[in-house]
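Asker: Kindly return the folded structure for what I paste below:
(one chain, ligands or ions: 2)
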Amino acid sequence: MSGHVAAIIAAAGSGVRFGADIPKALIQLGNRTLIEHAVAAISPAVDQVIVTAPASHLSQFQSLLGDAVTVVVGGQTRSESVRAGLAAVSSDTQYVLIHDAARALATTDLTSRVLSALKNGEVAVIPGVPQVDTVKSVDANGYVTITPNRADLSNIQTPQGFELSALKKAHASNGEGTDDAALVESAGFKVLVIAGEECAIKITTPADLATAYNFLGANKEFLTGVGVDSHAFEVGRELWLGCINWPGEIGVAGHSDGDVAAHAICDSLFAATGLGDLGSNFGVDRPEYAGASGAKLLAETLSIITSAGFAISNVSVQVIGNRPKLAGRRKEAITALSAALNGAPVSLLATTTDGLGLTGEGKGIAAIASALVFKVSTNDR
Ligand code: CTP
Ligand code: MG
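Answerer: Ligands and ions are numbered 1, 2, ... in the order given. I've put the predicted structure just below:
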């Protein structure tokens, strides 16, 4: 026997329950997409990686994943997609792992443990974690038919590992199942459950993505940064602060829209990541940023730090000035700032300075921000 291992990552779903306008596997989690996370975690343990993609996005998947990964068009259902993947498995394969892109944070260690159980002679090996809720079977009229003993129940995850010959037999009659083990069980094979992982949750909804984001942030190297900005009032300009417009307020002088809250946050992010500052990234020598909105600069800053492998944990900003009075529109500004940072948590405070200094004398407005970021490395997940 060759011992060769192929992995098929099912990623051809559209993610209806997630509700994005792109396939779920292309959703960003930290510094890369769900499918990139899944491929990065499984690749070190296998000889061949096959990804099933939606026909509409085939070339996007291929260019994202590179030539070392075989990308094939998936089917109408997950089981059909797995069969499309099976058709691309190389002929010397002995073991096959079936994984879901939706379980983006399953680790290389989990893959290795599934494989070693297979290499110890098991035909089918699947990860599972204990069931915490009580589960009931309910009939069409809403009445409970049975309550299985919770202690006997396990929540099943992927990657699921099989002897290729057994999986092929299980799929031979083109059956449908919500996982592959269900078909392998029906074909009469013994399926072993090993310990799964808390972080291998299936990302189905945006709330799951937030949970996954927390797992991604766990045990990370965190870095903080501080940013400050101030602008003098200039009669005749409109005021932008916290990515929202303030009709009736005096605006400020500046190369851009003068949004001190947005600028302070940008600088805090550059400070935390060591990637320069506002001036070096968007300064007067970059005419394309003349008059740029705070939201645009935040989005550009996010893109710069994301490309360098950083993700935002949170940012907080305090505006210093006599006016405008922030309290009534604080929520609105927080929402706008957060939206510009792709949903990162933002807090916004305001203070005056007891009549002292530039802001106290009512000559201008300032802001101080701090950011907490973490480095998303390829192996440390
Ligand atoms: N999948 C697939 N082919 C399909 C359907 C699903 O390859 N025809 C993949 C999905 O891309 C996902 C995995 O199977 O990685 C598990 O499916 P699920 O989490 O249900 O994802 P979606 O089907 O995309 O989501 P939804 O059911 O909400 O539409
Ligand atoms: Mg589905």
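Asker: Strands along the stretch 101-250 of the chain, start to end?
Answerer: Ranges of strands in the stretch 101-250 of the chain, per DSSP state E, counting those that start in this stretch, are 124-130, 137-138, 144-146, 154-156, 160-163, 191-195, 222-241, 244-252.
Asker: For those strands, please prepare CSV with the additional fields distance to ligand 1 and mean neighbour count.
Answerer: Heads up, the C-betas are built off the backbone N, CA and C, glycines and all. Converted to CSV, these look like this (distance: least, Cβ to the nearest ligand atom, whole Å; neighbours: other Cβ atoms under 10 Å):
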stretch, distance to ligand 1, mean neighbour count
strand 124-130, 14, 20
strand 137-138, 21, 10
strand 144-146, 25, 9
strand 154-156, 12, 16
strand 160-163, 12, 26
strand 191-195, 19, 15
strand 222-241, 30, 17
strand 244-252, 34, 16
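Asker: Adding mean pLDDT, write those strands out as TSV.
Answerer: Putting the strands of the stretch 101-250 of the chain into TSV (pLDDT from 0 to 100) gives the following:
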stretch	mean pLDDT
strand 124-130	98
strand 137-138	98
strand 144-146	98
strand 154-156	98
strand 160-163	98
strand 191-195	98
strand 222-241	95
strand 244-252	95
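Asker: a markdown table please, covering those and showing distance to P44.
Answerer: Formatted as a markdown table, the strands of the stretch 101-250 of the chain follow (distance: least, Cβ to Cβ, whole Å):
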| stretch | distance to P44 |
| --- | --- |
| strand 124-130 | 17 |
| strand 137-138 | 40 |
| strand 144-146 | 42 |
| strand 154-156 | 23 |
| strand 160-163 | 15 |
| strand 191-195 | 19 |
| strand 222-241 | 26 |
| strand 244-252 | 46 |
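Asker: how about those strands, which one is nearest S280?
Answerer: With respect to S280, and counting by Cβ to Cβ, the nearest of the strands of the stretch 101-250 of the chain is strand 222-241 at 13.2 Å.
Asker: Smallest gap between this protein and ligand 1, at which residue?
Answerer: Distances between the chain and ligand 1 by Cβ to the nearest ligand atom are smallest at G13, namely 2.0 Å.
Asker: Under a three-state scheme, what state does that residue occupy?
Answerer: Following DSSP: H, G, I helix; E, B strand; the rest coil, the label given to G13 is coil.
Asker: count of neighbours near it?
Answerer: 20 (other Cβ atoms under 10 Å).
Asker: Nearest residue to it in space, please, no chain neighbours.
Answerer: Nearest non-adjacent residue to G13, counting by Cβ to Cβ, 6 or more residues apart in numbering: K24, 6.0 Å away.
Asker: Could you do I156 as well?
Answerer: Leaving aside its sequence neighbours, I156 sits nearest to G128 (Cβ to Cβ, 6+ apart; 4.9 Å).
Asker: Which stretches in this structure count as helices?
Answerer: 34-42, 58-65, 78-86, 108-119, 164-171, 180-186, 206-217, 260-273, 278-282, 294-307, 330-340, 357-360 (DSSP state H).
Asker: and Y143, which of the ones you listed is closest to it?
Answerer: helix 180-186 (25.2 Å).
Asker: any idea how far the closest one is from the chain center?
Answerer: 30 Å (Cα atoms, centre = their mean, to the nearest Å).
Asker: Stretch 35-50 too?
Answerer: Distance, centroid of stretch 35-50 to centroid of chain: 17 Å (Cα atoms, centre = their mean).
Asker: Check whether it comes near ligand 1.
Answerer: No: using Cβ under 6 Å from any ligand atom, stretch 35-50 stays clear of ligand 1, coming no nearer than 8.0 Å.
Asker: buried sites along that stretch?
Answerer: 35-43, 45-50 (16 or more other Cβ atoms under 10 Å).
Asker: tell me how far the ends of that stretch are from each other?
Answerer: From its first residue to its last, stretch 35-50 covers 11 Å (Cα to Cα, to the nearest Å).
Asker: ok, now stretch 128-136?
Answerer: For stretch 128-136, the first and last residues are 19 Å from each other (Cα to Cα).
Asker: now what about it, what contacts it?
Answerer: Here stretch 128-136 makes contact (Cβ atoms under 8 Å, 6 or more residues apart in numbering) with 144-148, 150, 153-157, 193-198.
Asker: Check stretch 338-353 too.
Answerer: 28, 242-243, 261-262, 265, 294-296, 298-299, 302, 312-322, 325-327, 330, 333-334, 337, 359-360.
Asker: Run the chain-centre distance for that stretch.
Answerer: Here stretch 338-353 shows a centroid-to-chain-centroid distance of 21 Å under the convention Cα atoms, centre = their mean.
Asker: What of stretch 268-285?
Answerer: For stretch 268-285, the distance to the chain centre is 25 Å (Cα atoms, centre = their mean).
Asker: buried stuff in it?
Answerer: In terms of neighbour count (16+ other Cβ under 10 Å), stretch 268-285 has its buried residues at 268-273, 275, 278, 281-282.
Asker: Counting neighbours, what do you get for R329?
Answerer: Neighbour number of R329 under other Cβ under 10 Å is 16.
Asker: Quick check: beta-bridge partners of the nearest residue to it once chain neighbours are set aside?
Answerer: Spatial nearest neighbour of R329, chain neighbours left out: I244 (6.5 Å); criterion: Cβ to Cβ, 6+ apart. Bridge pairing for I244 (DSSP bridges) gives the partners L241.
Asker: Identify the residues contacting L223.
Answerer: 272-273, 310, 372-375.
Asker: Please point out which parts of the helix or strand bottoming out on mean pLDDT in the chain sit buried.
Answerer: Counting by mean pLDDT, DSSP states H and E, the chain has its least confident helix or strand at helix 357-360, which shows a mean of 84. Buried residues in helix 357-360, counted by 16+ other Cβ under 10 Å: 358-359.
Asker: for it, the distance to its chain's centre please.
Answerer: Put simply, helix 357-360 sits 42 Å off its chain's centre (Cα atoms, centre = their mean).
Asker: What is that helix packed up against?
Answerer: Under the contact definition 3 or more Cβ pairs under 8 Å, 6 or more residues apart in numbering; DSSP states H and E, helix 357-360 sits against strand 222-241, strand 364-375.
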